[in-house]
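Trainee: this one's structure only:
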Ligand code: 13P
């Protein structure tokens, strides 16, 4: 399975910072063909990023979108607008969207459905909070998020990302065992939904991934990539993650 390494810049980087990053980063990825690389800048920098990425194999992603195609939805961005800006991917259901913008499973499901209808590839995020983990509810939460988020959704153009909320931006990475345990569980839920095509779905890990811990995490059987926040902001750091070596 081809691994996916995706950068989620969240609410960071102006247009010129985005251009500067890509001018340094794009030459660094020349010759790397065995990993799908995706970059998700903020909305305002997407079109500029698309210009910089012309002719490169690095894919462009948005961090969110609305499910309607157009209309009176002040402040929102439609799937077709993302395509127009040069995106091939969109991240849906990130825990920060769920936490700060009250997105529930039904909203996430509508967004994934609309993204697919428009022809966008979806990076769909799930993950439990520390409170939920400590209460022994990790599997229950993950199962609900996966099943509700993916109700009537095709397994095509779909990548999952397991991001334990307690590991995001905290420097506390899930151990390889913790990641593998949940990834294997997600795989099981996906097989329940899709049958054998689920075996081909890639499940990324996200949460304090760094050049130092990426090799160990990528060695887990059901981990097929990473969704990286903080450590994706500098080209030197992100290229070290993209060029991970699987430990055996
Ligand atoms: P950090 O890598 O900064 O922990 O962020 C992870 C994340 O939320 C990526 O979507």
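Mentor: Everything's here; your move. Worth saying up front: this structure is predicted, and the values here are computed from it rather than measured. Numbering: from 1, shown residues only.
Trainee: and residue 183, what are its phi and psi?
Mentor: Here is the backbone geometry of residue 183 (degrees, to the nearest 10): phi -60, psi -40.
Trainee: ok, the spatially closest residue to residue 35 that is not a sequence neighbour - contacts?
Mentor: Sequence neighbours aside, residue 3 is the residue nearest to residue 35 in space, at 5.0 Å (criterion: CB to CB, 6 or more residues apart in numbering). The way it works is simple: take the backbone N, C-alpha and C, and place the C-beta from them, glycine included. For residue 3, the contacting residues are 34-36, 202, 218, 224-225, 244, by CB atoms under 8 Å, 6 or more residues apart in numbering.
Trainee: ok, residue 197 next?
Mentor: Shown in contact with residue 197 (CB under 8 Å, 6+ apart): residue 155.
Trainee: how near is it to residue 187?
Mentor: Using CB to CB, to the nearest Å, we find residue 197 at a distance of 12 Å from residue 187.
Trainee: burial check on residue 27, number of neighbours?
Mentor: Counted with other CB atoms under 10 Å, residues neighbouring residue 27 total 11.
Trainee: do residue 55 as well
Mentor: Neighbour tally, residue 55, other CB under 10 Å: 6.
Trainee: my guess is residue 56 contacts residue 25. True?
Mentor: No. Using CB atoms under 8 Å, residue 56 makes no contact with residue 25, being 9.2 Å away.
Trainee: quick one, what contacts the residue lying closest to residue 154 once chain neighbours are set aside?
Mentor: Once flanking residues are discounted, residue 154 sits nearest to residue 116: 6.2 Å by CB to CB, 6+ apart. If a contact means CB under 8 Å, 6+ apart, then residue 116 has 122, 153-154, 156-158 as its contacts.
Trainee: select from those the one having the most neighbours.
Mentor: Most neighbours among the contacts of residue 116, by other CB under 10 Å: residue 122, with 27 neighbours.
Trainee: backbone dihedrals for it, both of them.
Mentor: According to degrees, to the nearest 10, residue 122 has phi -110, psi 130.
Trainee: test my guess that it contacts residue 155.
Mentor: No. Residue 122 lies out of contact with residue 155 (CB under 8 Å); the separation is 10.6 Å.
Trainee: for the closest residue to the ligand within the chain, give its distance to residue 131.
Mentor: At 2.4 Å from the ligand, residue 229 is the closest residue in the chain, using CB to the nearest ligand atom. To residue 131, residue 229 is 21 Å away according to CB to CB.
Trainee: and residue 176, what does it touch?
Mentor: With contact set as CB under 8 Å, 6+ apart, residue 176 has these partners: 216-217, 219-220.
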